[in-house]
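> make a model of this:
(2 chains)
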Amino acid sequence: MIADFRRLRAGMAGLAFLVLTALVAVAAPLFISGHDLSAAFAPGAPRQAPSSDFLLGTDAFGRSMVDVTIWGARISLTVGLLATLLAVGIGALVGITAGHFGGWAGTVLMRVTDWFVVLPVLVLATALASVLSPGMGTVVVAIGVTSWPRTARVVRAQTLSVEARPYIERAKALGGGHGHVMGRHILPNVMPLMLAQATLTVSEAILAEATLAFLGLSDPTKVSWGTTLQLARQVGAVSADDWWILLPPGLAIVAVALAFTVVGRALEQVLNPRLQELM
Amino acid sequence: MSISLPALPDAATPPPPPDGAAVVRRRGLAISPRYAAGRIGGAAVSMLAVVFIGFFLFRIVPGDPVRAMTRGRPVDADQLAALRHQFGIDKPLLSQFADYASRVARGDLGTSYQYKSSVSALIGSHVWPTVYLVGTATVIAAVLGIRIGIRSAWRHGSRADRANSGIALVLWSMPTFWLGLILIVVFSVGFGPIPGLFPTGGMSAPDVHGFFPVVWDHLRHLVLPCLTLVAVLYAQYLLTMRATLLEELGADYLTTARAKGLRDDDVRRRHAVPNAMLPAVTLVFLNLGTAVSGSILAETIFSWPGLGSLFYEALTVPDLPLLEGLFIFFAAAVIVMNLLAELLYPILDPRVRTT
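From the prediction side, this is the model:
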């Protein structure tokens, strides 16, 4: 499987980019100090065009856009990963339960899932974020509880196919309870699919985080790609053509979201032999 | 940008046709009354759930809705009490819910806190610009996405396919609001050698008279928000159409069609595409949720005077009654459109009738 994945060039490139981004984000405190990101005692003059001092210019407070963009990766990736953990957790629980028990319980669970699929998710997430107190935790919850349905569907389908295999019957005959079958037999089998779904969900969660932050529903004091763009719009960077403030955070979002999507699709392709034949 | 790719309903992936014919027409009623009743019942249950969630989300989750709405403004105890009375929050929860449910059932969505006028009337006065924007963008995105998706799948692996899929994936990974901002910078404000070609926002300029100038002015205002929304929707159409057609490509009936000596174009147009069309058509309806979300961002960025801008304004206050009303309205619109789609399936694809 790993060898299959390694043959997919786009997936490998995406993965390499993500590893690099993660390393830079984790190492950021080593070369960016709190002073560099302080709004009150910013290192430069506000909204300076790129120069030799500030390679990408400065933002509305006078902070280096290079530092702001690198630091933004920390919040965006953290929120994206935590929200995904929540979403995939809920999705797997709902999917495995619906697939394993079937019957009316499964039907009800899948109807709830369908209901969530259809609903305008952004409206639900923004509504949730607006009624809870603004902050990062709220954003994680708002994204997590609205983006699990696709995982639930995929996991349920896989659960149904695993349930039909003889060894599940054997496990049941040997006295394995529901918990044992779901935890020891089904979960390991749906794990790879969950990983692929998780990778795709991260890219959506990062986009959602940026969107919620842009709508002013996140913690404005935390430097993330979304809040940087929100700040840029508030101070009129758009009508002033301050491209150096608008481009880096946006391109960073596109690059990271694209990398996650590409890796997720490559994983799906590896896991689904039928797709492999066709592509 | 969308938060989740709408998965297709089970009905959209029926088993391949057994006899190898592209589309089998059967006689009789297209929709069985039982099927229709089931779908309508399902939609009604969904709607009830929306009404219930609306109450839960805007009355119970905020703790004290009035305090949430007046956050950051100086309000004394008397005013708070008056507001509580105005929104009926001083009553016990159960009777609040009864009031709310009967109100919504009558089509009364309450009174906006910010505008001091009926939420239903506000929605009524803002709905058409949104319908117009979302409708235009959906048609353009669907036509482009489906056409290019078909070509991409038919020549899968070619350079054109890789380029098209790549563009779709990039658009898919792009935050809607950022694309809007960049479009404003490049085409409205003007960047470098590019002059400001289009207005930065709104639906029309105030000092334009005469039929043709008004239409021209209007189109100029429509271009950028519409382009933003098309970019959001296009990727999904292309990728879905491409994926479903790819699934069909291995089917035996296509080999049969080719063995009969049909031209490549005919095999594609008459045999493969009709079978792959249903998920794409379904997506037009299912995408409405995404379109509504995209519309909120596009309208906010371009100050388009529709429901999306209204939602954003309500969000910044926060005007909970208005948010609640818009939430119910958006959800209802999506549910109704999906119901229409489900009633349309059996007419579009006879295979659904048997399920």
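> contacts made by stretch A:235-252 with the rest, please.
A:47, A:49-50, A:56-57, A:59-60, A:65-66, A:68-69, A:72-73, A:76, A:225-226, A:228-229, A:232, B:174-175, B:178, B:181-182, B:184-185, B:189-191, B:200 (CB atoms under 8 Å, 6 or more residues apart in numbering or on different chains). Yep, even glycine has a C-beta here, placed from its N, CA and C like the rest.
> next, give phi and psi for whatever residue of the stretch 1-150 of chain A ends up closest to chain B.
Residue nearest to chain B within the stretch 1-150 of chain A (CB to the nearest CB): A:Leu122, separated by 3.4 Å. Note on A:Leu122: backbone dihedrals following degrees, to the nearest 10 are phi -60, psi -40.
> okay, now it: neighbour count?
A:Leu122 has 29 neighbouring residues, counting by other CB atoms under 10 Å in any protein chain shown.
> the one 4 residues further on too?
Applying the criterion other CB under 10 Å, we find 28 residues in the vicinity of A:Thr126.
> quick one, what contacts it?
By CB under 8 Å, 6+ apart, the neighbours of A:Thr126 are A:142, A:212, A:215, A:217, B:296, B:311, B:315.
> what kind of secondary structure is it in?
Of the three states, A:Thr126 takes helix under DSSP: H, G, I helix; E, B strand; the rest coil.
> can you list the residues of the stretch 151-279 of chain A near chain B?
Within the stretch 151-279 of chain A, the residues that sit near chain B (CB under 8 Å from any CB of the partner chain) are A:153, A:200, A:203-204, A:207-208, A:210-211, A:214-217, A:226, A:229, A:232-233, A:238-239, A:241, A:243, A:246-247, A:249-250, A:253-254, A:257-258, A:261-262, A:277-279.
> what subset of those is buried?
If you count burial by 16 or more other CB atoms under 10 Å in any protein chain shown, the buried members of these come out as A:153, A:200, A:203-204, A:207-208, A:210-211, A:214-217, A:226, A:229, A:232-233, A:238, A:243, A:246-247, A:249-250, A:253-254, A:257-258, A:261-262, A:278-279.
> do any residues in stretch B:161-175 lie close to chain A?
Yes. Using CB under 8 Å from any CB, stretch B:161-175 reaches chain A at B:169-170, B:172-175.
> residues in contact with that stretch?
For stretch B:161-175, contacts defined as CB under 8 Å, 6+ apart pick out A:203, A:207, A:210-211, A:214, A:226, A:229, A:250, A:253-254, A:257-258, A:261-262, B:1, B:148, B:151-153, B:155, B:231-232, B:234-236, B:238-239, B:242.
> please save the CA atoms from that stretch in CSV.
Provided in CSV are the C-alpha atoms of stretch B:161-175 (Å, rounded to 0.1, in the frame of the first residue of the first chain):
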residue,chain,number,x,y,z
ASP,B,161,-7.7,16.3,-18.4
ARG,B,162,-4.8,16.8,-15.9
ALA,B,163,-4.9,20.6,-16.5
ASN,B,164,-8.7,20.7,-16.0
SER,B,165,-8.7,18.5,-12.9
GLY,B,166,-5.8,20.5,-11.5
ILE,B,167,-7.6,23.8,-12.0
ALA,B,168,-10.7,22.4,-10.4
LEU,B,169,-8.7,21.2,-7.4
VAL,B,170,-7.1,24.6,-7.0
LEU,B,171,-10.5,26.3,-7.2
TRP,B,172,-11.8,23.8,-4.7
SER,B,173,-9.0,24.7,-2.3
MET,B,174,-9.5,28.4,-2.6
PRO,B,175,-11.3,30.4,0.1
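> do you know how far the nearest residue to B:Val75 once chain neighbours are set aside is from B:Ser118?
Among residues not flanking B:Val75 along the chain, B:Leu83 sits closest, at 7.8 Å (CB to CB, 6 or more residues apart in numbering or on different chains). Relative to B:Ser118, B:Leu83 is positioned 17 Å away (CB to CB, to the nearest Å).
> for the stretch 1-150 of chain A, which segments count as helices?
A:2-7, A:9-31, A:65-101, A:103-118, A:121-131, A:136-144, A:149-163 (DSSP state H, counting those that start in this stretch).
> so the second one versus helix A:65-101, what angle?
Angle of helix A:9-31 versus helix A:65-101, following axes from the mean of the first three to the mean of the last three CA atoms, to 10 degrees, is 130 degrees.
> packing partners for helix A:9-31?
helix A:2-7, helix A:65-101, helix A:243-271 (3 or more CB pairs under 8 Å, 6 or more residues apart in numbering or on different chains; DSSP states H and E).
> can you mark which positions in that helix are buried?
By neighbour count on 16+ other CB under 10 Å, the buried set for helix A:9-31 is A:10-11, A:14-15, A:17-18, A:21, A:25, A:28.
> below-threshold pLDDT in chain B: ranges please.
For chain B, the stretches with pLDDT under 70 are B:1-31, B:63-64, B:67-68, B:71-73, B:88, B:192-193, B:196, B:350-355.
> could I get the full set of strands for it?
Using DSSP state E, no strands are found in chain B.
> how confident was the prediction at the closest residue to A:Val94 other than its chain neighbours?
Residue nearest to A:Val94 in three dimensions, not counting chain neighbours: A:Ala152, with 4.2 Å by CB to CB, 6+ apart. Here, the pLDDT recorded for A:Ala152 equals 90.
> so B:Val104 sits against B:Val51, correct?
Yes. Contact criterion CB atoms under 8 Å: B:Val104 and B:Val51 qualify, at 5.4 Å.
> if we can go back for a sec, which of the residues of stretch B:161-175 next to chain A are buried, as a ChimeraX select command?
Filtering the residues of stretch B:161-175 next to chain A down to the buried ones (16+ other CB under 10 Å) takes a single ChimeraX command:
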select /B:169,170,172,173,174,175
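> which of the residues of stretch B:161-175 next to chain A sits closest to B:Ala98?
B:Pro175 (41.7 Å; CB to CB).
> who are the contact partners of the residue most central in space within chain B?
Nearest residue to the geometric centre of chain B (CA atoms, centre = their mean): B:Leu288, 2.0 Å. Listed by CB under 8 Å, 6+ apart, the contact partners of B:Leu288 are A:120, B:134, B:138, B:333-334, B:337-338.
> at 6 Å instead, please
If you count contacts by CB atoms under 6 Å, 6 or more residues apart in numbering or on different chains, B:Leu288 has them with B:334, B:337.
> and if you look at A:Leu86?
Contacts here follow CB under 6 Å, 6+ apart; on that basis A:Leu86 touches A:Gly144.
> show the pLDDT at it.
Among the per-residue scores, A:Leu86 holds a pLDDT of 95.
> ok, it to A:Arg150 distance?
From A:Leu86 to A:Arg150 the distance is 14 Å (CB to CB).
> same question, A:Asp4
23 Å.
> which one's more surrounded, those two?
A:Arg150 (23 against 15).
> not counting sequence-adjacent ones, nearest residue to the residue in the stretch 201-350 of chain B that chain A sits nearest to?
Residue nearest to chain A within the stretch 201-350 of chain B: B:Ser293 (3.4 Å; CB to the nearest CB). Distances taken as CB to CB, 6+ apart put A:Leu122 closest to B:Ser293, at 3.4 Å, once the chain neighbours are dropped.
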